[in-house]
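Student: Structure here, sequence nowhere to be found:
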């Protein structure tokens, strides 16, 4: 147990089926052990490889995140809270969590019939925010978590040959939860990936506040080199072109943790992909960031000096509360309109008073937990 304020809920294991999507749902009770509302801070995704053969070239540790071909976390209303491939998720986790909270692995080795376990953590709460748990996901709003099973094309991308014996290979999920004795409805925090239609930029749909942004390209050892992306400009948010080195300098001050773990031969196991030139960090939140920070945008223009093929935009957007989800939550818990309060860091205030409507839609609402 991590402490008295959190508890784990483990899903049943599901067997690996090549090319399939495993669906995990209804495994987190909406009430916690003390009767409070269960809220999920993050998910530990575990792949158990009972028999895998790696020939010619080892699977690099950074590429073991590809054991999860795609990860999707869907909440009520069909809203995708997380939608990214395994290696994309790795870079997103470094951006959102910092190096000291990202699980990494030693190389798998070129071995026949080996067994190993890969476990990665996908956060729902935001460590770098004024109120991290304002972004956690209530269990009663989780629709399902989907994992696309790994295939040999994903895992042998470094030129080796991988053979997966499906017998005994399985996936399961651990939801790390806390209890709340009130009911909250919060803005929606969405994480995803968009391929740039041209190396020099795009118009990125936002429809909310853009809080985190980075660029990468898929490749071996955690990603392709981004040395040929030299500067970035973002309309409204960062109108002056800023170089990759300038962005990395500030990112390292805010995120980098130098406590690397070493493998048996002395090589680095943990290495921030942005510091290694495998990605370009552009925007990231800090512990001073609130739901009010940043302009509310329908879309934003991204302009790059860049020649890296197949560049991907990794993004995190905070969107306003969904009134239909709020109505469903109110009905479930018997909350009347007048019982909602606006939740701020210091205290709660009556909802819809003294707030501009556009701003109020981004504030969490809170009401008593009655049933």
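Tutor: Perfect, thanks for sending it. Small disclaimer: the values here were computed from a predicted structure and weren't measured. Residues are numbered from 1 along each chain as shown.
Student: tell me the domain boundaries of this protein?
Tutor: Domains of the chain are assigned by automatic domain parsing as 7-258+268-319, 324-368.
Student: Distance of the nearest residue to residue 291 once chain neighbours are set aside relative to residue 310?
Tutor: Once flanking residues are discounted, residue 291 sits nearest to residue 362: 4.6 Å by CB to CB, 6 or more residues apart in numbering. Any C-beta I mention is one placed from the backbone N, CA and C, and that applies to glycine too. Residue 362 is 34 Å from residue 310, where distance means CB to CB, to the nearest Å.
Student: By mean pLDDT, flag the weakest helix or strand of this protein.
Tutor: When each helix and strand of the chain is scored by mean pLDDT, DSSP states H and E, strand 348-350 comes last, with a mean of 45.
Student: residues of the next helix or strand after that one that come out buried?
Tutor: Downstream of strand 348-350, the first helix or strand assigned by DSSP states H and E is helix 357-360. Using 16 or more other CB atoms under 10 Å as the test for burial, helix 357-360 gives residue 360.
Student: Pull the distance from helix 357-360 to the chain's centre.
Tutor: 26 Å (CA atoms, centre = their mean, to the nearest Å).
Student: now stretch 232-242
Tutor: Worked out by CA atoms, centre = their mean, stretch 232-242 lies 24 Å from the chain centre.
Student: where's the closest residue to residue 116 other than its chain neighbours, which helix or strand?
Tutor: Nearest residue to residue 116, sequence neighbours excluded (CB to CB, 6+ apart): residue 49, at 5.5 Å. For residue 49, the element it lies in under DSSP H and E is strand 37-55.
Student: which helices and strands sit right next to that strand?
Tutor: strand 68-75, strand 114-123, strand 137-138, strand 142-149, strand 161-164, strand 170-180 (3 or more CB pairs under 8 Å, 6 or more residues apart in numbering; DSSP states H and E).
Student: Report the angle between the longest one and strand 142-149.
Tutor: It refers to strand 170-180. If you take axes from the mean of the first three to the mean of the last three CA atoms, to 10 degrees, strand 170-180 sits at 150 degrees to strand 142-149.
Student: change the start of the numbering to 37 and stick with it
Tutor: With 37 as the first residue, the last one maps to strand 206-216.
Student: Which helix or strand lies directly C-terminal to strand 206-216?
Tutor: strand 218-221.
Student: Would you mind telling me which of residue 398 and residue 346 has the busier surroundings?
Tutor: Neighbours were counted for residue 398 and for residue 346 using other CB atoms under 10 Å; residue 398 has more, 21 against 12.
Student: Pretty sure that one sits in a strand.
Tutor: No - in this structure, residue 398 is coil, not part of a strand, as judged by DSSP: H, G, I helix; E, B strand; the rest coil.
Student: For it, give me its contacts.
Tutor: 223, 245, 327-328, 354, 356-357 (CB atoms under 8 Å, 6 or more residues apart in numbering).
Student: quick check: mean pLDDT across stretch 233-240?
Tutor: Averaged over stretch 233-240, pLDDT sits at 97.
Student: now swap in stretch 198-207 and tell me
Tutor: Mean pLDDT, computed over stretch 198-207, is 85.
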